[in-house]
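Q: all I have is the shape, not the residue letters:
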């Protein structure tokens with residue numbers, strides 16, 4: 001099942017002998033993954049896709065999975081492209097990245113005359129790539145240009161071929177937040193859809209911000225001295241990365257015209273130095289797991305203390321210990337935590353959270369717990 005959005009794409013891949021290597025890809029459906037789990041830039045060309053009831057796509061046909069006809073990925077320093085596009089303030093730019101020791105661009109093509117093995121693929125690679133991007137009200141246009149040659153590590157000299165790659169793809173505006181970018185349509189980011197219910201079973205009712213999710217559950221960081229008690233639920237805003245996780249209690253969830261959610265929650269945030277890689281290792285294809293941590297490196301609660309500004313303002317309170325229980329279910333991944341925070345603020349000592357991360361969102365992010 002695919003969590004990567006469909007994109008509009010044009011591709012040219014012309015071999016030095018005049019062969020149009022991209023001809024077999026032009027009837028395929030392209031998808032693009034940016035910053036999705038370990039795939040920082042991954043573009044696939046699918047010969048067959050079907051939409052499922054939850055809004056995701058599958059390449060299964062008559063019960064058989066059909067592999068992509070072609071694949072393009074960026075590696076080395078070029079794989080940071082999503083990060084530098086999102087961090088730069090300009091709406092368009094062009095950059096060239098080169099490396100003497102690393103392969104920055106990789107292309108795989110099935111069913112070419114250069115590989116005689118049935119089902120085998122031709123692998124091309126390059127050590128330099130020019131990347132261009134441009135934001136507009138229609139979405140994000142990304143262009144790649146690279147000089148490629150047959151990958152010797154794979155073909156071991158059996159294929160001698162050079163080729164020029166040119167790709168241009170348009171990520172639709174409504175797909176940008178799922179790739180970590182903001183919509184450029186100002187009105188769409190403010191208008192709420194009336195009567196929407198976050199059932200969390202399809203793309204249309206998933207309470208996601210793209211990079212995060214509102215999970216059903218509670219988070220109580222025990223702040224008895226606050227003059228404005230924080231909500232403890234019934235939602236928890238959750239962001240899970242490979243080695244970190246952030247949580248925040250939410251009392252209201254609404255859906256915007258962009259298709260993404262807006263949360264009304266508490267001030268402050270719980271930050272943990274524990275993430276998807278830890279969950280995957282702990283579960284290891286099992287249904288349940290328990291993790292216990294001790295020491296200030298676990299994480300902290302920040303921004304919810306009531307210390308006056310003349311005393312330094314709100315201060316983070318680090319965890320002294322934390323126990324997390326994980327349980328897999330058809331609905332998703334349940335995460336239950338019981339922790340103790342140390343001095344440094346005016347929170348109580350106990351922190352408790354209990355939330356269910358929707359299975360659909362985990363598939364969108366590419367996590368395989």
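A: Good, I have the coordinates. The model shown is predicted, which means the values in this text are computed figures rather than measured ones.
Q: do a quick rundown of the helices in this protein.
A: 81-87, 152-155, 276-283, 359-365 (DSSP state H).
Q: just how off-centre is the third one within its chain?
A: Computed by C-alpha atoms, centre = their mean, to the nearest Å, the separation of helix 276-283 from the middle of its chain amounts to 17 Å.
Q: of all the helices of the chain, which one comes closest to residue 201?
A: Evaluated over those, closeness to residue 201 peaks at helix 359-365, with 6.7 Å, by C-beta to C-beta. From N, CA and C alone the C-beta is placed, and that goes for glycine too.
Q: now for that closest one, which elements pack on it?
A: Helix 359-365 is packed against strand 332-341, with contacts defined by 3 or more C-beta pairs under 8 Å, 6 or more residues apart in numbering; DSSP states H and E.
Q: if we use 6 Å, what do you get?
A: Based on contacts counted as 3 or more C-beta pairs under 6 Å, 6 or more residues apart in numbering; DSSP states H and E, there is no element that helix 359-365 packs against.
Q: so what sits opposite residue 58 in the bridge?
A: Residues found in beta-bridge contact with residue 58 (criterion: DSSP bridges) are residue 50.
Q: look at the residue nearest to residue 32 when sequence neighbours are not counted and report its pLDDT.
A: If the residues on either side of it in the chain are set aside, residue 32 comes closest to residue 7, at 4.7 Å by C-beta to C-beta, 6 or more residues apart in numbering. Taken from the predicted model, the pLDDT recorded for residue 7 is 89.
Q: try the one 5 residues further on
A: Taken from the predicted model, the pLDDT recorded for residue 12 is 96.
Q: returning to what we had before: can you tell me how far the residue nearest to residue 32 sits from residue 119?
A: Applying C-beta to C-beta, to the nearest Å, one obtains 26 Å for the distance of residue 7 from residue 119.
Q: and residue 51, by the same measure?
A: Shown here: residue 51 relative to residue 119, a distance of 27 Å by C-beta to C-beta.
Q: ok, those two, which is more surrounded?
A: Just comparing residue 51 and residue 119: by other C-beta atoms under 10 Å the higher neighbour count belongs to residue 51, 12 against 8.
Q: which residues touch the more buried one?
A: In this structure, residue 51 makes contact with residue 57, judged by C-beta atoms under 6 Å, 6 or more residues apart in numbering.
Q: residues near residue 290, how many?
A: With neighbours defined by other C-beta under 10 Å, the count for residue 290 comes to 11.
Q: and residue 20, what are its bridge partners?
A: According to DSSP bridges, beta-bridge pairing links residue 20 with residue 14.
Q: make that residue 321, sorry
A: Here residue 321 shows beta-bridge partners residue 294, residue 340, assigned using DSSP bridges.
Q: confidence score at it?
A: Residue 321 is given a pLDDT of 93.
Q: what does residue 121 give?
A: 93.
Q: one more: the one 3 residues further on?
A: What the model reports as pLDDT for residue 124 is 96.
Q: distance of residue 301 relative to residue 339?
A: For residue 301, the distance to residue 339 (C-beta to C-beta) stands at 9 Å.
Q: give me the more crowded residue out of those two.
A: Shown here are residue 301 and residue 339; by other C-beta under 10 Å, residue 301 has more neighbours (28 against 22).
Q: on that earlier part again, the residue nearest to residue 32 contacts residue 33, doesn't it?
A: No - the criterion here is C-beta atoms under 6 Å, and residue 7 misses it with residue 33 at 10.2 Å.
Q: gap between the spatially closest residue to residue 167 that is not a sequence neighbour and residue 126?
A: What sits nearest to residue 167 in space, not counting adjacent residues and going by C-beta to C-beta, 6+ apart, is residue 144, at 4.5 Å. As for residue 144, its distance to residue 126 is 10 Å (criterion: C-beta to C-beta).
Q: same check, this time on residue 98
A: Shown here: residue 98 relative to residue 126, a distance of 9 Å by C-beta to C-beta.
Q: when these two are compared, which one has more neighbours?
A: When residue 98 is set against residue 126 and neighbours are counted by other C-beta under 10 Å, the residue ahead is residue 126, at 24 against 14.
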